[in-house]
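Sequence first, then the predicted structure:
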Amino acid sequence: MKQIPPSPYAKPVTLVGLIILLIALLNYFFSDKPGDNDEVTEITSDHSKPAEIAANGSASHTDNNHMTDEISKPVPAEPVEAQPQDIRYTVKDGDSLETIFNQLNIPINTLYNILEADEAYLDADVLHPDQQLIFTLDPDQTLSKLALVIDPKKTVFYQRSDDNNFIHDEKLTPTSWQTEVLKGTIQGSFYLSAVDAGLTDKTIMTVRKLLQSKINFRRDLRADDEFQVVMERETIQDAPIGNNTVVAIRFNGKKVDLSAYLHTDGIYYDKNGENLTPALLRYPTEKRFRISSSFNPRRLNPVTKRISPHNGVDFATPVGTKVISTGDGVVLRVATHRYAGKYVVIKEFGAFSTRYLHLSKILVRKGQKVSRGQVIALSGNTGRSTGPHLHYELHINEKPVNPITAKIPMLKSIPKTEMAVYQKHIKNLDDLMSGKAIVTAGGLEWLNEWLMRDEKVEKTSTM
């Protein structure tokens, strides 16, 4: 029988097979095998080794179960506490608090509580486009706080109290005043010349109104006449916020030689000490009426029985009594408030403004010019009131003061006993306008200290 010769590939194939077998054996003997004490084994052996579990006894079973539970059961996560939510709203033209509250689905009663807290201030009664409102809502969507940014300097807050009412508060950002002297010459109209010199429209209006009884700005000024204005600009971190105070004005010309100076009583006088500021009346009625409630920053409200400021004086006027404007000015606001009733706000010259509340009929419109002594309304009993009366407020630099005792512009001159101090005062300002005094970063020391003094001493501002 003929033998088949061996294949030339037989030996290499056999050798490869032996090597594979050897690797498999080594892998079996030297690989990590799960042991009896391995945790994974204990966790997975509850069902695969019942005999071993029984032999080890109940203690081992308990330990294994404990370890199994400890590893297999997920640790419960710490509950995440819901946080209050802030909603920022930018006021648009035509917005009111009521329309905004409706958009945000905030109950109308919450709005009424805020209006009640705002009754003495009327900060939130009229909103202006681009103002910012920040609503803080609790997790259950209850309004806990409302912030209203009035301007860069002032923000008011309405914070919910424990009795579910709201408390009015405000935050004033620290400001500083910087002195600036603006100089110009008449080229064309005074308005265009003043704009070229850097005066704002509000400042130009202040200059015109202050000197309107002394100068005709169209006829009396000539080309190349010079003028100087000492300004104090209120700033936050050196950035102007739009609140400027005119401290002194001077015209030097062919026909006009005129000056005006702001004195420490908040009134403007000429170089001879004669009053230039339009006067105010002390009382808002033609006849005197009994004062039924005085100015009191911490009065016990007769209706709510809570301590709240009474920022004006109440006169016991019968319904229909004529109410007169206490000064020359412009009607700033005509409105109806849930608690203040029908009311009018008038902006008088400079830092002065007045408010008339609880009226029965308003006889002026917003933007209308009014004169001192002009009838603007009839008194009433509207809003929240304990009886017919007129509530009258006087504000100086946006702060309420006692209208019966506050220093107000009167038709008077500087007393002779004060003229020496006044002459020194105006010399400093004249030196500043003439360039003999240097303006420092913080303004003249005496002037800066005066502008930063206590609010009880009034200054006049161009607002």
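On my side now, so go ahead.

all strands of the stretch 251-400 of the chain, in order?
Using DSSP state E, counting those that start in this stretch, the strands of the stretch 251-400 of the chain run over 257-262, 268-269, 291-293, 296-300, 307-310, 313-315, 322-324, 329-337, 341-348, 352-362, 369-370, 375-379, 390-396, 399-401.

pLDDT at the residue positioned nearest the centre of the chain, what is it?
Ranked by distance to the mean C-alpha position of the chain (C-alpha atoms, centre = their mean), the top residue is T155 at 2.1 Å. Looking at T155, its pLDDT reads 96.

would it count as being in a strand?
Yes: under DSSP: H, G, I helix; E, B strand; the rest coil, T155 sits within a strand.

Now do the contacts for the residue lying closest to P284 once chain neighbours are set aside.
Among residues not flanking P284 along the chain, Y392 sits closest, at 4.6 Å (C-beta to C-beta, 6 or more residues apart in numbering). Where C-beta positions appear, they are placed from N, C-alpha and C, glycine not excepted. By C-beta atoms under 8 Å, 6 or more residues apart in numbering, the contact list for Y392 reads 283-284, 312-315, 326, 354-357, 403.

mind putting these in TSV, neighbour count included?
Listed next are these as TSV, based on neighbours: other C-beta atoms under 10 Å:
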residue	neighbour count
Y283	15
P284	28
G312	26
V313	22
D314	22
F315	22
T326	26
T354	24
R355	22
Y356	24
L357	27
P403	24
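
Looking at those, which one is closest to G373?
T326 (8.3 Å; C-beta to C-beta).

mind checking pLDDT for the residue lying closest to the closest one once chain neighbours are set aside?
Distance criterion C-beta to C-beta, 6+ apart; nearest residue to T326, sequence neighbours excluded, is L281 at 4.2 Å. You'll see L281 listed with a pLDDT of 92.

In a helix, T203, correct?
Yes: under three-state DSSP, T203 falls within a helix.

rewinding a little: return the member of the strands of the stretch 251-400 of the chain having the minimum mean pLDDT.
Among those, strand 296-300 scores lowest, with a mean of 81.

picking up where we left off before, ok, what's across the strand from the residue nearest to the centre of the chain?
Here T155 sits in beta bridges with V149, K171, going by DSSP bridges.

so it touches K145, yeah?
No: using C-beta atoms under 8 Å, T155 is not in contact with K145, being 11.7 Å away.

what about the residue nearest to T326, distance to F352?
Here L281 is placed at a distance of 12 Å from F352 (C-beta to C-beta, to the nearest Å).

Domain ranges for this protein, per the record?
85-172, 176-277+410-451, 291-401 (automatic domain parsing).

ok, the residue nearest to T326 touching V323?
No: L281 lies out of contact with V323 (C-beta under 8 Å); the separation is 11.7 Å.

And these two? Which one has more around it.
V323 (26 against 17; other C-beta atoms under 10 Å).

show me the contacts for the more buried one.
Here V323 is in contact with 284-285, 317, 356, 359, 375-379, 390 (criterion: C-beta under 8 Å, 6+ apart).

Return the closest of the residues you listed with respect to G341.
For the contacts of V323, the nearest to G341 is L359 (6.6 Å; C-beta to C-beta).

quick one: the closest one and Y343 touch, right?
Yes: L359 lies in contact with Y343 (C-beta under 8 Å); the separation is 6.3 Å.

Good, we can wrap up now.
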